[in-house]
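S.K.: 3D model of this:
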Amino acid sequence: MSKRFEDIDNENLKVAEMIRQDSTKIENCAVDEEVVAQIRSYEKTKWNVYKVISAVAACAVLCMTIFAWKNINLQTGNHQKNNNIEKTMISLHSDKNVKLARNYSEIDKKIDEIIDREHQFFLAEGEMIKKSQGVSSSLEAVADTLKKEYSQTNKQTENVDEADIVKTDGKYIYTLSSRMDNQGKKIGDYDVCWIGSRYKLTITAVDGKRMEKVSSVYIESKEINVFGHLEMYISGDVLVLTGEYLKNKKESEMSTCIFVYDISDRKQIKLKDINVQDGSYSNSRLSDGYLYTISNYDFYNYKEKECVPKINGNKMDYECVYLPKKIENKWPEYTVITALDIHNSNDFTSEISILGGVNNIYVSQNNIYLLNVYCDTKDITNTQKGKQIIESQKDKKNYKIEKSCDYTKIMKYSYKDGKINYVAAANLPGWIDDQFSLDEKDGYLRMVTHINNITSTNLYRTYYDAKNKKKERELVETLDNEEIESWNNVYVLASNLEKVASIKGLAKNEEIYSVRFLGDYGYFVSFENTDPLFTIDFSDMKHPKVVGELKMPGFSDYLQFYRDDLLFGIGQNGDDKGNLSGLKLDMYDVEKGKAKLKSKLVLKEYDYSEAFYNYKSILIDSKKELIGFYAERNSDSYVTDYLLYTYKNNQFKKVFKFSIGKYVENLRGIYIGDYFYIVNPERKIYAVDLLNYKKVSEVKIR
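M.R.: The predicted model follows:
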């Protein structure tokens, strides 16, 4: 039944009275001078006095409206997710390279620019299940009271936790296992079409060699079919899972999901909240009780699809969308960042997105760095070098000489207490090896990039596009006479990402294989025929310098500090001609900055380890004097062994070897007290006594 006019008038009078009452509170509100300054400098044209007065008046009206609207919502009980946008907006700002969207139309216009630009340059590239396992109360009681020293997930930054498929809190071992299936039915090994994975979380109580499965639960809900990349965090009695699910099967569209569980009773795992955000899951970090999650939201046919990301089903406010001045992506794509208080997880505390993608992430104790690699191509036909190449071609008119170089765009965001704030952006030539190629120290960002310059001769044809009624050029062929130049650069960037210093041209024609920073020094490995380990002195950030270059056969694919004075490396052994054979373990003395080889061990019977590319699969602990990882034998048997070494008296010593079986992956090694546990999330946990290095027990967990 419709309302009468007098009813509407009475409601308006109530709203007016609330506005009048709330307006008296405005004079007590603090004014953020920085925000005011940003508002004044947002437009390029200067504001006259009249416009300033109008703006201030508009702000006053806006404040009164917000107070009134807040009261209306409280009185009517209309509470929805996404109610923290106001907190987020306070921390956001713009700079010369990036600005906040003023409306949704501005976002659409920016996306149209990307589509139009790409059209101009045609490229010839084409429900929960809970089970009690009858665990003895005595074992659980022991597990609840014991406080033993235990290992944690291998991570890059201290006090910034990273997700993994295996975790421990010293009393329990938590594992995530997955199996590709279709509605719970087992399928063939290679049938991996759009059916998703069935993930299972298992909790096992441990007390030395005694291990018993406490409970397990399938990760599922009626609305969300988890697809992949599921990872886990443990914080007290809270367990958090991050991953992605298939939002739209027809379009193969992925979205990111966050499951928060109450595990105060390990026998009864309770699902508290599920939060979702548009885009495939990229990465996450947990710091001071807040989960920061990053996703990539791309869309090609955006005219038939929402072009602004949704958070918990709600379209993001345009004030939380950043629009870069220049977007290097070929197709429309957003990077979405959210913050979630895992102890109060009914909704995100803040959310922002920026038009543009992300390939890698580095997180320090205060900042999040997002990195995106793109290719920039320049026409050098009319340069001296270009003319020389053209002269050797028959049809000079249709050839164009182009020089291509990859660049990395860095976006910096500060984070604290669940609030995310854009800081600055920069572009540097080249790309990074991985997140360890970056490190923050004393407000500076230091990093190593690899540069590839490619000069190519391209043959085009010119034709008339009748549909768009204009001439177009199409790439027909790229000749085989490409000229490639490569080298490596070291950069130091200030807090605003302005370049402070650089060292260019290191290790020409050699790629970066691993990088690590500690204190005043940085170390990186490049490889062509031999393994040069470079030492960079950053004691003076404005004047970094190369102080060492150690050459060895083979290369180290991963570097990690064993102690402050010892740097551990794992990689592949080789000869002076660059022929590779077997794994090798290296220990370098870096006490005085310049690296010197302390010890080397070659494992001829192995040729591969997941530790090469997944640092979470390796355990390195100098207190326990342990180095643990798994490796695959160099034969057609595909047999995997878990290997445990000690490093004492300047020597590697193998103390334990255990064959897991064929086609094994995702193993983890952890220790609790005087026991080491080899965890295969898909099958079993094996316990090893560290006093005699013997396997003493095992438990089936799947």
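S.K.: Low-confidence stretches in the stretch 1-150 of the chain?
M.R.: 1-94, 115-147 (pLDDT under 70).
S.K.: same question, the stretch 551-700 of the chain
M.R.: 578.
S.K.: which residues of it fall in helices?
M.R.: Using DSSP state H, counting those that start in this stretch, no helices are found in the stretch 551-700 of the chain.
S.K.: The chain now?
M.R.: 5-26, 33-41, 49-76, 85-91, 104-120, 137-145, 384-390 (DSSP state H).
S.K.: residue nearest the centroid of this protein?
M.R.: Asn283 (3.4 Å; C-alpha atoms, centre = their mean).
S.K.: Report the beta-bridge partner residues of that residue.
M.R.: Ile294 (DSSP bridges).
S.K.: I'd like the distance from it to Val363, if you could.
M.R.: 8 Å (C-beta to C-beta, to the nearest Å). Placement of C-beta: from N, CA and C, glycine included.
S.K.: can you check Pro309 too?
M.R.: Distance from Pro309 to Val363, by C-beta to C-beta: 21 Å.
S.K.: which ones are touching Asp95?
M.R.: Neighbour list for Asp95: Tyr422, Ala424, Ala425 [criterion: C-beta atoms under 8 Å, 6 or more residues apart in numbering].
S.K.: Asp433: which of those is nearest?
M.R.: Taking C-beta to C-beta as the measure, Asp433 lies nearest Ala425 of those, at 21.4 Å.
S.K.: Ile410 is in contact with the closest one, correct?
M.R.: Yes: counting by C-beta atoms under 8 Å, Ile410 is a contact partner of Ala425 at 6.5 Å.
S.K.: Common neighbours of these two, please.
M.R.: With C-beta under 8 Å, 6+ apart as the test, Ala425 and Ile410 both reach Leu497.
S.K.: what's the burial count for Leu626?
M.R.: Using other C-beta atoms under 10 Å, Leu626 has 20 other residues around it.
S.K.: dump the residue contacts of it.
M.R.: So Leu626 contacts Leu619, Ile620, Leu644, Tyr645, Thr646, Tyr671, Phe676, Leu690 (C-beta under 8 Å, 6+ apart).
S.K.: rewinding a little: Asn359 is in contact with the residue nearest to the centre of the chain, correct?
M.R.: No: counting by C-beta under 8 Å, Asn283 sits too far from Asn359 to count as a contact (10.6 Å).
S.K.: Nearest residue to Glu149 in space, ignoring adjacent ones along the chain?
M.R.: Gly673 (6.5 Å; C-beta to C-beta, 6 or more residues apart in numbering).
S.K.: give me every residue that touches that neighbour.
M.R.: Contacts for Gly673 (C-beta under 8 Å, 6+ apart) come out as Leu146, Lys148, Glu149, Tyr150, Gly208.
S.K.: which residue packs closest to the second one, ignoring adjacent ones?
M.R.: Spelled out, that is Lys148. Distances taken as C-beta to C-beta, 6+ apart place Gly673 nearest to Lys148, at 3.8 Å, with adjacent residues excluded.
S.K.: can you check the last one too?
M.R.: Using C-beta to C-beta, 6+ apart and skipping residues adjacent in sequence, the residue nearest Gly208 is Tyr675, 5.4 Å away.
S.K.: beta partners for the one you found?
M.R.: Bridge pairing for Tyr675 - DSSP bridges - gives Ile672, Asp689.
S.K.: Over to Ile368?
M.R.: Here Ile368 sits in beta bridges with Val363, Tyr413, going by DSSP bridges.
S.K.: Wait, it touches Tyr413, no?
M.R.: Yes: with contact defined as C-beta under 8 Å, Ile368 reaches Tyr413; the gap is 4.5 Å.
S.K.: what's the overlap in contacts for these two?
M.R.: What both Ile368 and Tyr413 touch, as defined by C-beta under 8 Å, 6+ apart, is the set Ile337, Ile420.
S.K.: about what we covered before: ok, now which ones touch the residue nearest to Gly208?
M.R.: Neighbours of Tyr675 in contact, by C-beta under 8 Å, 6+ apart: Val206, Gly208, Lys209, Ala687, Val688, Asp689, Leu690, Val696.
S.K.: Go ahead and produce CSV holding the CA coordinates of the longest strand along the chain.
M.R.: Ranked by residue count and defined by DSSP state E, the top strand of the chain is strand 444-465. Once non-C-alpha atoms are left out, strand 444-465 reads as follows in CSV (Å, rounded to 0.1, in the frame of the first residue of the first chain):
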residue,chain,number,x,y,z
TYR,A,444,64.3,2.9,1.1
LEU,A,445,63.3,0.2,-1.4
ARG,A,446,66.2,-1.7,-2.9
MET,A,447,65.7,-4.1,-5.8
VAL,A,448,67.4,-6.0,-8.6
THR,A,449,65.9,-6.2,-12.2
HIS,A,450,66.8,-8.1,-15.3
ILE,A,451,66.8,-6.1,-18.6
ASN,A,452,66.0,-7.5,-22.0
ASN,A,453,66.2,-5.2,-25.1
ILE,A,454,65.0,-6.8,-28.3
THR,A,455,65.5,-5.1,-31.7
SER,A,456,63.3,-6.7,-34.3
THR,A,457,62.5,-6.2,-38.0
ASN,A,458,58.8,-6.4,-38.7
LEU,A,459,56.9,-6.6,-42.0
TYR,A,460,53.5,-4.9,-42.0
ARG,A,461,50.7,-4.7,-44.6
THR,A,462,48.5,-1.7,-44.9
TYR,A,463,44.8,-2.2,-45.6
TYR,A,464,41.5,-0.3,-45.4
ASP,A,465,39.2,-1.3,-42.6
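S.K.: quick check, distance from it to the centre of its chain.
M.R.: 26 Å (C-alpha atoms, centre = their mean, to the nearest Å).
S.K.: For that strand, which helices and strands make contact with it?
M.R.: Counting contacts by 3 or more C-beta pairs under 8 Å, 6 or more residues apart in numbering; DSSP states H and E, strand 444-465 packs against helix 384-390, strand 399-416, strand 419-429, strand 438-441, strand 470-478, strand 483-493, strand 511-518, strand 521-527.
S.K.: For the ones you listed, which has the smallest mean pLDDT value?
M.R.: Of all those, mean pLDDT reaches its minimum on strand 470-478 (a mean of 71).
S.K.: one step back: state the distance from the residue nearest to the centre of the chain to Lys247.
M.R.: Distance, Asn283 to Lys247, using C-beta to C-beta: 19 Å.
S.K.: returning to what we had before: quick check: the farthest pair among the contacts of Gly673?
M.R.: Glu149 and Gly208 (13.4 Å).
S.K.: Settle it for me: which of those two has more neighbours?
M.R.: Neighbours were counted for Glu149 and for Gly208 using other C-beta under 10 Å; Gly208 has more, 16 against 12.
S.K.: Who are the contact partners of that one?
M.R.: Counting by C-beta under 8 Å, 6+ apart, Gly208 touches Gly673, Asp674, Tyr675, Ala687.
S.K.: mind checking pLDDT for it?
M.R.: Value for Gly208, per-residue pLDDT: 95.
S.K.: now swap in Asp265 and tell me
M.R.: Reported pLDDT for Asp265: 96.
S.K.: again with the one 10 residues further on
M.R.: On the pLDDT scale, Asn275 is placed at 96.
S.K.: And it, how far from Tyr290?
M.R.: In terms of C-beta to C-beta, Asn275 sits 13 Å off from Tyr290.
S.K.: Please apply the same query to Ile536.
M.R.: 33 Å.
S.K.: Equivalent analysis for Arg102, please.
M.R.: Taking C-beta to C-beta, one finds Arg102 at 29 Å from Tyr290.
S.K.: what residues are up against Asn650?
M.R.: Met587, Lys598, Ser599.
S.K.: Ignoring the adjacent residues along the chain, who's closest to Ser539?
M.R.: Ser539 sits nearest to Asp520 (C-beta to C-beta, 6+ apart), 4.2 Å away.
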